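A.B. asks: predicted structure and sequence below. I'll ask about it afterward.
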Amino acid sequence: MFRRFAIHIAAPLAWLALLPVLAAAEPAREAMIPQDAILVLDVVQPKPVLDLATHPKMLEAVTALPAYKKAAEGPKWREFRGGVAFLEARFGLKWPEALHKLLDGGVSLSVHPHEGVLVIADGKDEKLLGQLHDVFLGIARAEASKAGQPDRAKSKEYQGQTIWTFAPGETHAVIGGRLVLSNRPALLQQALDLRAKPGDTLGTLAAYQAAKKPAAGAVARAFVNLQVIKQTPDLQKALAKQENPLGALLFAAVIDALRGADALGLTLELHANTLVINASLDGKPADAPAASAFALPHEPGAEALPNLAVPRFIAGLSLYRDLHAFYAAKDQLFPERTSGLIFFENMMGIFFTGRDLTDEVLAETRPETRIVVAAQKYDAAVGAPRVQLPAFAVVFRASHPDKIADMTEEAWQKALGLVNFTRGQKAEPGLIIDRETYNDVRMTVAYFGKPGEKEKGQVDTRFNFRPTLARVGDSVVLSSTDGLAKDLIDALKRETKSDAATGATKTRVPHSRLEVDVTQLAAALQANHELLVRNTMVEKGKTRAQAESELDVLIGTLERLGRAKLEFGQTAGRHEAHLEVPVKLP
């Protein structure tokens with residue numbers, strides 16, 4: 001009986017004790033964001049993000065960039081650093097620790113109609129925020145007085161809070177440990193209205209709640225209101241029809257999904273210095289989705305194959321695209337023939353000796369197609385060209401390999417003959433066609449004769465190319481060089497049935513897989529540094545110093561990233577994208 005009595009008495013007393021805490025607690029940030037938000041970025045776990053951004057090795061990498069060093073020499077940067085040093089001394093805190101204290105509760109940034117921006121930041125040190133605000137208030141008043149505008153730094157009361165304005169285009173309120181900032185007074189007041197009296201907020205929007213569902217474990221998430229974005233004329237035109245066949249081949253499934261979606265949700269995760277971004281659309285394809293059916297796997301186990309691994313790999317793109325279905329639907333996809341499409345059809349008629357491109361050629365291909373780009377290893381007897389281009393290849397699978405092999409060989413040799421005829425008209429060296437065997441695979445190789453005496457030291461760009469055709473089992477390889485073709489022959493022979501049929505994920509069925517070795521890409525840019533600098537100077541009117549600085553920043557940034565992987569696919573009919581980017585610290 002005493003225990004029952006204690007429970008009845010203790011429970012109300014506990015609630016009474018909690019009332020001051022509950023009354024003081026601020027509503028969730030989403031409860032202060034108006035429902036008309038077009039874009040929302042919400043950092044829900046700032047600590048991992050701040051830890052990575054302020055990591056000593058990351059700061060060392062940033063400060064080593066040429067652009068940073070140049071900016072650090074300017075008076076504005078010295079003034080900024082002086083201000084930071086003053087605040088560090090004033091509060092006895094280094095700036096990374098201060099950021100943690102001011103932002104550790106999370107940050108939300110939302111974009112609204114009429115270019116309105118709202119920022120809500122939650123800190124865990126209310127006293128520090130108040131003191132920092134007092135410091136900036138003193139600076140703002142001093143600057144306003146110097147400018148002869150003493151009323152520029154002002155305040156007013158609204159909904160029981162003080163709204164401050166330190167400069168034009170800026171207004172804010174400090175509510176305990178929360179800072180609410182906007183570029184439009186009306187938007188800030190609307191946020192304070194919602195805080196005082198709950199109404200139609202971002203948090204009550206069904207599309208936003210749906211976008212939040214896959215965000216478990218995310219350090220940050222974003223929400224895009226596609227219903228608003230799709231009202232822009234340019235996007236309406238892009239979604240209405242596809243005029244570019246290559247664009248339709250690559251993106252038809254994504255475009256169809258966007259047509260039927262109301263919202264896009266994105267999440268950011270951090271795993272051992274690897275950034276992981278997931279994107280998800282809330283709708284299914286609409287507006288005759290059969291037009292993009294060629295890009296979606298329908299049979300069990302069907303999906304885009306893993307990318308092929310070759311030496312000096314730069315990039316790989318693996319696609320699940322039913323080329324026969326794609327071209328058979330050309331009248332639906334492209335009701336108006338473009339000049340480029342007409343030219344393509346005419347050329348294919350020549351190369352394939354009048355065979356029907358849809359039913360006799362593309363019908364022989366399977367939906368799995370892979371594209372590979374790799375850095376070249378040049379022949380020492382020829383030397384490296386002054387412009388070094390990466391090698392590239394297309395690998396597609398055939399339903400009847402023996403049948404398509406002869407068709408492809410004929411078309412390949414006709415294409416090389418056309419190249420030689422065109423170059424001959426310009427009195428330029430032509431390609432020599434030869435046959436060789438590598439790893440029990442016969443290859444057709446075309447190459448240019450060795451450079452003459454006049455070309456020594458200035459090897460021509462044409463020596464980037466040694467076009468090669470080969471067949472490995474049911475795969476046909478069309479490569480720009482025999483070196484890459486040989487590497488692909490080895491890769492295809494290593495690839496087992498289980499390797500090719502099993503994707504990296506169990507739930508998502510990918511129709512597109514892109515991988516980029518960003519470090520190799522940076523090396524390729526560095527190999528053509530002088531050419532790229534000169535092109536930037538000519539095309540953009542930049543000085544050499546400016547062009548070099550831009551390129552060095554790009555290369556320096558790329559060198560800090562690893563092998564990025566991007567995947568598009570479906571999970572239970574929901575269209576998703578998955579991106580992984582390793583970040584390499586020094």
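C.D. replies: Perfect, thanks for sending it. Numbers count the residues shown, from 1 in each chain.
A.B. asks: what's the pLDDT at the nearest residue to Pro185 once chain neighbours are set aside?
C.D. replies: Excluding its sequence neighbours, the residue lying closest to Pro185 (C-beta to C-beta, 6 or more residues apart in numbering) is Thr171, at 4.9 Å. Every residue, glycine included, has its C-beta placed from N, CA and C. Looking at Thr171, its pLDDT stands at 95.
A.B. asks: number of residues surrounding Thr171?
C.D. replies: Thr171 sits with 23 neighbouring residues when counted by other C-beta atoms under 10 Å.
A.B. asks: and Ala240, by the same measure?
C.D. replies: Residues near Ala240, counting by other C-beta under 10 Å: 11.
A.B. asks: next: Ile489.
C.D. replies: For Ile489, the neighbour count with other C-beta under 10 Å is 22.
A.B. asks: and it, what's its pLDDT?
C.D. replies: Per-residue pLDDT puts Ile489 at 96.
A.B. asks: that one contacts Ser479, correct?
C.D. replies: No. Using C-beta atoms under 8 Å, Ile489 makes no contact with Ser479, being 9.7 Å away.
A.B. asks: so where's the stretch 51-200 of the chain shaky on pLDDT?
C.D. replies: Residue ranges of the stretch 51-200 of the chain with pLDDT under 70: 65-66.
A.B. asks: OK, contacts around Arg386?
C.D. replies: The contact partners of Arg386, by C-beta atoms under 8 Å, 6 or more residues apart in numbering, come to 458-461, 531.
A.B. asks: per-domain residue ranges of the protein.
C.D. replies: In terms of domains, the chain is parsed into 26-204, 304-502 (source: automatic domain parsing).
A.B. asks: circling back to that earlier point, contact partners for the residue nearest to Pro185?
C.D. replies: Taking C-beta under 8 Å, 6+ apart, one finds 163-165, 181-185, 188 in contact with Thr171.
A.B. asks: quick one: buried ones out of the contacts of Arg386?
C.D. replies: Buried residues within those, counting neighbours by 16 or more other C-beta atoms under 10 Å: Val459.
A.B. asks: can you put the contacts of Arg386 in CSV and add pLDDT?
C.D. replies: Shown next, in CSV, are the contacts of Arg386 (pLDDT from 0 to 100):
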residue, pLDDT
Gln458, 73
Val459, 85
Asp460, 88
Thr461, 90
Leu531, 86
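A.B. asks: could you dump the contacts of Arg386 to CSV with secondary structure and distance to Leu416?
C.D. replies: Listed next are the contacts of Arg386 as CSV, based on DSSP: H, G, I helix; E, B strand; the rest coil; distance: C-beta to C-beta, whole Å:
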residue, secondary structure, distance to Leu416
Gln458, coil, 25
Val459, coil, 21
Asp460, coil, 18
Thr461, helix, 18
Leu531, helix, 27
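A.B. asks: of the contacts of Arg386, closest to Thr519?
C.D. replies: Among the contacts of Arg386, Leu531 lies closest to Thr519 (C-beta to C-beta), at 20.2 Å.
A.B. asks: not counting sequence-adjacent ones, nearest residue to Gln209?
C.D. replies: Excluding the flanking residues, the one nearest Gln209 by C-beta to C-beta, 6+ apart is Gly203, at 7.6 Å.
A.B. asks: now do the strands in the stretch 201-350 of the chain.
C.D. replies: Counting by DSSP state E, counting those that start in this stretch, the stretch 201-350 of the chain has strands at residues 220-225, 263-271, 274-281, 313-320.
A.B. asks: now for this protein, the helix or strand with the poorest mean pLDDT.
C.D. replies: Across the helices and strands of the chain, mean pLDDT, DSSP states H and E gives its lowest value to helix 2-24, namely a mean of 35.
A.B. asks: point out where the stretch 451-586 of the chain drops to low pLDDT.
C.D. replies: 453, 455-457, 496-507, 586.
A.B. asks: can you map out the strands along it?
C.D. replies: Using DSSP E, counting those that start in this stretch, the strands found in the stretch 451-586 of the chain span residues 468-472, 475-479, 509-517, 563-571, 574-582.
A.B. asks: now do the contacts for Asp122.
C.D. replies: Under the criterion of C-beta under 8 Å, 6+ apart, the neighbours of Asp122 are 26, 29, 103-107, 177-178.
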